[in-house]
Structure formats: structure tokens, C-alpha cells
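Visitor: Prediction below, plus the sequence it came from.
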Amino acid sequence: MTEQKRVGSKSIKDIPPHIREQLNHGEIETANLVEFLSIDGKVLVQTVLEQFQRCQYLPQIITRINNLEVKTHTTVHGVITSELAQQITLHQDWELKQKISTHPADIVRCWGAVIVALDLRNNIQTTLTQMWPFAEDRHFNVREVAWSVLRSRIIEHLDEAISILSVWAIHDHENIRRFASEATRPRGVCVTHIKELKNNPEKALSILEPLKADLSPYVQTSVGNWLNDASKSRPDFVLHLCSQWEKESNTRATKLIIKKALRTLHK
């Protein structure tokens, strides 16, 4: 019998105490955003570092969290990831980096993705290679963090990143193909815009073209959103490309992508 997927609570106050306990101790993955936002970062990082016998890293993290003027999910986990990244690099503790990156809890694996992005010693090729497992991760939260934390690096090395991600766009795994599209969206949601692609979306055609008839709804949505982003600054490009795809690819997948791509222009 197939195990049923756990359904998360609709509000933090409705999360059962035993689920909250398991989440805070990294024993289970989050079922939804509410659970993700409910986790006590101090408890979780203490549990993880004790589990991996790295308690020497804990005092500085706890002190920095306690000194935060505003304690939110973002600020607390920002402190955790920045401190862990510093300690891992300082002590060359690559074993801890690997343990975090493969932890059973999705939020801990999210830390792993951020740690990869924060390591500015690596070039964009190495960074993307190290980000691959997070881009392919089974959990939506980890995949979202993976592409979003790399935006600034992608902007800094746009041409090289596009060249690399063009290969990802033809990979067998839908999560990898989706990463190639989502990571280069000209606008995106709650992330830094890629000005160059807002003005010159043609530069990303090597990523978009292989995905124009992708069979995965997960990828279709991303490509449609990519083009909808571009339509707000380059409607001419999007209209021309959609017209071309309509002629070249008479498939349901392409039709769905085009519909999503043109939704702003057709309002």
C-alpha cells in the first residue's frame, strides 16, 4: 500500500504538538509553508549540531540569533546559514557540509543550498555543480531555495550560467529542467530581477527552446511564467516567439505554455 502524503495544518496554532516537536528536531519534512514557518531555528540548529557532534559552533550562532533586533524566519535562518558557512570554510569541515546537505529534514537541506551559494571561492560552474542535488531534491522547499539563492551569482556570470543551464534544460529529470528555467526568469517572485534578460530575453533562447513542448506541467508552468515576465518589458519578443512556437509545435504542452506566457498581454 502506498503511504499517504501528510497534509499540513492551515495555521501554526493548529499544528499538533507532536508534529511541531518532530519538525523542530529535524525528524520529519515539512508538509507545507505553514510548517516551514513554524520551525524554531534555535532548537533545530542545536539539535543538528549536537547530532553531528559540532557543539563548538553553537555558541556563536545562538549569540547572534539572540542579538537580532527583529527575529523572523528569514533573519534567524540567515544567521544560521551564514555562521555555518563561515565555520565550515574556516575549519574545512566538509563532512558537516555533506551531512547538512543530505539531512532528512528539508529545512536543513535548505541550509545546505544556501551554504553552497555563500561560498564565493567557487566559480559559477562549480557552484552550479554543487547546487545540482538541491535542484533535483524531492522537496519543493529545497528546490525553491536552490534557485533563488543563486540569482546574484547567475546575474554576475550570466553568459556562462546560461551556457551551463542550457545543458540542464535537456536533462531527463523534470526538476533539473525546471531549475534551468526558474533560475533565469527575468523577474520572478520576491527575488532580484535579471535586468539583462528583461531587456534582452533572446539571450536565454538556448534554455527556452528545448522546453517549448515539455511534457511536465511543472516545467510548463515555469516556462510560461518566464515568458510572462519577459512580456512586461519585451512584448514584441514574447509575441513573436509564441507565434513561432505555435507553428512549430502543435502540442497541448506548447499551447498551455503560450496561454500562460500571454496572460498579461491578453488582459
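Guide: Yep, that arrived. Numbering: from 1, shown residues only.
Visitor: got the CA positions of the lowest-mean-pLDDT helix or strand in the chain in PDB?
Guide: When each helix and strand of the chain is scored by mean pLDDT, DSSP states H and E, helix 33-38 comes last, with a mean of 93. Taking only C-alpha atoms (Å, rounded to 0.1, in the frame of the first residue of the first chain), the coordinates of helix 33-38 have been written out as PDB:
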ATOM      1  CA  LEU A  33       4.700  26.500   4.100                       C
ATOM      2  CA  VAL A  34       2.900  26.900   7.500                       C
ATOM      3  CA  GLU A  35       5.000  24.200   8.900                       C
ATOM      4  CA  PHE A  36       8.200  25.600   7.300                       C
ATOM      5  CA  LEU A  37       7.500  29.000   9.000                       C
ATOM      6  CA  SER A  38       6.700  27.400  12.400                       C
END
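Visitor: Quick one: residues in contact with whatever helix or strand comes next after it.
Guide: Next helix or strand after helix 33-38 toward the C-terminus (DSSP states H and E): helix 41-51. Surrounding helix 41-51, the residues in contact under the criterion CB atoms under 8 Å, 6 or more residues apart in numbering are 24-26, 55, 57-58, 61-62, 65, 73, 76-77, 79-80, 84, 100, 103, 105, 107-108. Bear in mind the C-beta positions are built from the backbone N, C-alpha and C, glycine included.
Visitor: In ChimeraX, select just the buried ones from those.
Guide: ChimeraX command restricting the contacts of helix 41-51 to the buried ones, with burial defined by 16 or more other CB atoms under 10 Å:
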select :24,25,26,57,58,61,62,65,76,77,79,80,84,100,103,105,107,108
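Visitor: quick one on the thing from earlier: list the buried residues in the least confident helix or strand of the chain.
Guide: 34, 35, 36, 38.
Visitor: Can you give me every residue that contacts residue 60?
Guide: 83, 87.
Visitor: pLDDT of whatever helix or strand it lives in, averaged?
Guide: Assessed by DSSP H and E, residue 60 sits inside helix 58-66. For helix 58-66, mean pLDDT rounds to 96.
Visitor: Report all helices and strands that the helix or strand that comes right after that helix contacts.
Guide: Sequence-wise, the next helix or strand downstream of helix 58-66 (DSSP H and E) is helix 73-90. When contacts are defined as 3 or more CB pairs under 8 Å, 6 or more residues apart in numbering; DSSP states H and E, helix 73-90 packs onto helix 41-51, helix 58-66, helix 94-101, helix 106-118.
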